[in-house]
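Visitor: this is a predicted model, with the sequence first.
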Amino acid sequence: MSSMSEPTGKYSITMPRDIAEAAKARSGPSGLSAYVAAAVARQIERDNLNELIGVAEAEHGPVTDEEVQALRDQLHQARQQQTPGGANAA
């Protein structure tokens with residue numbers, strides 16, 4: 001995921017207490033902020049994938065599972081290139 005050297009910002013967010021408490025309980029030593037950041041990053045990746053699928057379907061018709069996996073791989077590679085340290089950054 002992101003490294004500690006990445007700039008961070010402090011944000012006030014509101015979420016249901018039961019979800020926040022469950023996340024806190026599962027976050028472990030990395031803490032709630034890191035847990036929530038990882039979840040949001042996954043959601044953004046999912047949204048990006050869905051947008052790419054929408055564009056591909058608009059241009060070429062329905063996409064196959066293989067094509068979805070190829071798009072997922074492209075997003076993954078793009079994210080690794082943006083991350084300092086590439087594939088080794090956790």
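Guide: Right, received. Where do you want to start? Numbers count the residues shown, from 1 in each chain.

Visitor: other SSEs contacting the helix ranked longest in the chain?
Guide: The residue-count maximum for a helix in the chain (DSSP state H) belongs to helix 31-60. Helix 31-60 is packed against helix 17-27, helix 65-82, with contacts defined by 3 or more Cβ pairs under 8 Å, 6 or more residues apart in numbering; DSSP states H and E. Yep, even glycine has a C-beta here, placed from its N, CA and C like the rest.

Visitor: tabulate those (JSON lines), appending mean neighbour count and mean pLDDT.
Guide: Below are the helices and strands packed on helix 31-60 laid out as JSON lines (neighbours: other Cβ atoms under 10 Å; pLDDT from 0 to 100):
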{"stretch": "helix 17-27", "mean neighbour count": "11", "mean pLDDT": "95"}
{"stretch": "helix 65-82", "mean neighbour count": "13", "mean pLDDT": "86"}
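
Visitor: of the ones you listed, which is nearest Tyr35?
Guide: helix 17-27 (3.7 Å; Cβ to Cβ).
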